[in-house]
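Student: Any chance you could fold what I've pasted below:
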Amino acid sequence: MVDAQSQPQILEHLNKSLTVTIHSTRWIPGTARFVAVGTYARSTGCIQVYELAGPELKLVQEVEKRDGFKCATFGAAAPASQQLATGSFKGRLQVWDLGAPAAPVFDAQAHASIINAVDGFGGRTRGCGPPEIATGGRDGCVRVWDVRQPDAPVAAFEPADSGGARDCWAVALGNSHDDEERCLLAGYDNGDVKMFDLRTNTVRWEANVKNGVCGLQFDRADIKMNKFVAACLESQLHVYDARTQHPREASAGDARSGSLGFAGMTEKLARGTTVWGAAHLPQNRDVFMAHSGDGEVALYRYRYPDQRKVKDQDGKEMGVVGKLERLCHKPLSSQPVNSFDWSPDRQGLFVCSAFDQCVRVGVVTKLDKL
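Tutor: Reported below is the predicted structural model:
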C-alpha cells in the first residue's frame, strides 16, 4: 500500500468549454500542445490544436474537414513530423500534416462505415518494425495500414460472416520489440478479445470477457509482451499477464486464467458504469489511468506476484496473475470521460475530453514515489 505522504493526487489544472463534440485528445510529442478531434454540430470534422499558455489554454490552430472524426493517433508519425492519423465516421483513414493540413498526406477508404478505433506504432521507435496504423470498424473488420503503401492494407482480419459481423470497438498494437514481431489486439461489442500475430497473420489468442470491450492497451508497445488491459461495459477492467501463454485452454468458468493460456484478473469498479479506456503511464508501465462513464478517472497500479509463472501437472508453464491497487480517483465531469492521454514528455501531465463538450488538462502528483 502507498502511505499517506506519498499518495498520488489527481489535480485539474485547466479546463475549457467548447462548441464541438470531442472524441479524441492526443498530446503532440515533444511540445506543450495537444490536438482535439471530433465533430461540429453540422457533422463536419474538427481538428483543434491547443497550447498550454500559463493559466490558460490557447487555441493555436483550427481546421474543419468534410467528415467528422471518431479517433486519432500520432503513433506512426516520424520523430521530426507532426502527422496525425484520424479515423472518420465515414470510414476514412487519413493522415494530416499539422504544419500543412489543407489536404491529407494519406487517404484511404478503410472501412464501410465508422472507424471506431485507431492505433499506430513504429514512427518514433528505431529498430521496431515499419510505421503502421491499425483500424477497427463498425463493419467488424480489423485492418493494418502502412502509409507508404496506400493502395491496400498490409493485413486484414475480416469477420467470417459479414451478416453477423460484430462491431469492433478497440484496437491496440504491441509486442513490437524487433523488426519482425508485432501483435494486434482487437475488442468487440460482444466481449470478444482477439490477439492477431502480424508476423504470421493468424489468431494467437482469443477470449470473451462477457461485456463489450471499449478500450485496449498494452502496457508498452515496444517490448516483448508483458501485460495488457481491456476496459469494458458494466464497470469491468480485465488485466492479463501475457508473458507466459499456456498451450491448453483454461477450464470452463475459470475467471482467473481467461482462455488459451493467459493469466488474467477482473476488477469491478464500485460504481456501475462503462469503463471507456485505460491509459498506461509512459514513464511507468505498471501504472494506468481508467476513465469512465460517470465522469471519473481512477489511477491504478499493478503489483506482480512473487512468481510470474508456475508449471502445471503436465510440466507446462502457465502464468500467474498479480493484483490491482487503486491509488486514487477523482470526478472530473458529470458526463462520460471519453478520451484520455498522458504526456509522453512530462510525467503525470494528462489531457482528457468528456461529453460535456469540455477539454481538461490535469496533473497527477507524486508518481516518482511509486
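
Student: Quick one, grab the pLDDT at the closest residue to Asn175 other than its chain neighbours.
Tutor: Leaving out its chain neighbours, the residue that sits closest to Asn175 by C-beta to C-beta, 6 or more residues apart in numbering is Cys183, at 4.0 Å. Where C-beta positions appear, they are placed from N, C-alpha and C, glycine not excepted. pLDDT recorded at Cys183 is 96.

Student: And for the one 4 residues further on?
Tutor: pLDDT for Gly187: 98.

Student: I'd like the distance between the residue nearest to it when sequence neighbours are not counted and Phe228.
Tutor: In this structure, Gly187 finds its nearest non-sequential neighbour in Val213, 2.7 Å apart by C-beta to C-beta, 6+ apart. Per C-beta to C-beta, to the nearest Å, Val213 is found 11 Å from Phe228.

Student: do Leu18 as well
Tutor: Counting by C-beta to C-beta, the gap from Leu18 to Phe228 is 32 Å.

Student: Please apply the same query to Asp314.
Tutor: According to C-beta to C-beta, Asp314 and Phe228 sit 26 Å apart.

Student: do Phe340 as well
Tutor: In terms of C-beta to C-beta, Phe340 sits 17 Å off from Phe228.

Student: repeat for Ala77
Tutor: Ala77 is 23 Å from Phe228, by C-beta to C-beta.

Student: more crowded one of those two?
Tutor: Phe228 (27 against 24; other C-beta atoms under 10 Å).

Student: Now that one: phi and psi?
Tutor: phi -150, psi 160 (degrees, to the nearest 10).

Student: likewise Leu367?
Tutor: Dihedral pair for Leu367: phi -70, psi -30, per degrees, to the nearest 10.

Student: Which residue, neighbours along the chain excluded, lies closest to it?
Tutor: Nearest residue to Leu367, sequence neighbours excluded (C-beta to C-beta, 6+ apart): Gly348, at 5.0 Å.

Student: dump the residue contacts of that neighbour.
Tutor: For Gly348, the contact set (C-beta atoms under 8 Å, 6 or more residues apart in numbering) comprises Leu281, Trp342, Val363, Val364, Thr365, Leu367.

Student: And Ser43, by the same measure?
Tutor: Gly68, Phe89.

Student: tell me the secondary structure for it?
Tutor: For Ser43, the assignment made with DSSP: H, G, I helix; E, B strand; the rest coil gives coil.

Student: Okay, it and Gly68: tell me how far apart.
Tutor: Counting by C-beta to C-beta - Ser43 and Gly68 are separated by 5 Å.

Student: which residues do the two both contact?
Tutor: Residues within reach of Ser43 and of Gly68 at once, by C-beta under 8 Å, 6+ apart, are Phe89.

Student: which other residues reach the host helix or strand of Gly87?
Tutor: For Gly87, the enclosing helix or strand under DSSP states H and E is strand 83-88. Residues outside strand 83-88 that contact it (C-beta under 8 Å, 6+ apart): 26, 35, 37, 45, 47, 67-77, 93-98, 105-106, 110, 114-118, 120, 123, 133, 135, 147.

Student: helices or strands up against the following helix or strand past that strand?
Tutor: Later in the chain than strand 83-88, the nearest helix or strand by DSSP H and E is strand 92-97. For strand 92-97, the elements it packs on are strand 83-88, strand 106-109, strand 115-121, strand 132-137, judged by 3 or more C-beta pairs under 8 Å, 6 or more residues apart in numbering; DSSP states H and E.

Student: Which strands or helices does the longest one pack on?
Tutor: Applying 3+ C-beta pairs under 8 Å, 6+ apart, we find strand 115-121 packed against strand 69-73, strand 83-88, strand 92-97, strand 132-137, strand 168-174.

Student: and the ones you listed as TSV, adding mean pLDDT and distance to Val359?
Tutor: Below are those laid out as TSV (pLDDT from 0 to 100; distance: least, C-beta to C-beta, whole Å):
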stretch	mean pLDDT	distance to Val359
strand 69-73	98	14
strand 83-88	97	16
strand 92-97	97	19
strand 132-137	97	24
strand 168-174	97	22
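
Student: Can you say which of the ones you listed is packed in most?
Tutor: Of those, the one with the most neighbours on average (mean count of other C-beta atoms under 10 Å) is strand 132-137, at a mean of 28.

Student: quick one: contacts of that one?
Tutor: Residues contacting strand 132-137 (C-beta under 8 Å, 6+ apart): 73, 75-76, 85, 87, 91, 93, 95, 110-122, 142-147, 154, 168-173, 182, 184, 186-187.

Student: go on, stretch 96-105?
Tutor: With C-beta under 8 Å, 6+ apart as the test, stretch 96-105 has contacts from 28, 35, 47, 49, 61, 63, 81-86, 94-95, 147.

Student: Let's see that with 6 Å instead.
Tutor: Residues outside stretch 96-105 that contact it (C-beta atoms under 6 Å, 6 or more residues apart in numbering): Val63, Gln82, Gln83, Leu84, Gln94, Val95.

Student: swap in stretch 107-117?
Tutor: By C-beta under 6 Å, 6+ apart, stretch 107-117 touches 70-71, 87, 89, 91-94, 135-139, 141, 169-171.

Student: can you give me the mean pLDDT across that stretch?
Tutor: Taken as a whole, stretch 107-117 carries a mean pLDDT of 96.

Student: Can you give me the buried ones in it?
Tutor: Within stretch 107-117, the residues scored as buried using 16 or more other C-beta atoms under 10 Å are Ala108, Ala110, His111, Ile114, Ile115, Asn116, Ala117.

Student: for Met318, which residues make a bridge with it?
Tutor: In this entry, Met318 is beta-bridged to Val310, by DSSP bridges.

Student: Surely it is in contact with Lys311?
Tutor: No: with contacts counted by C-beta atoms under 6 Å, Met318 stays clear of Lys311, the gap being 7.3 Å.

Student: Cheers, nothing more for now.
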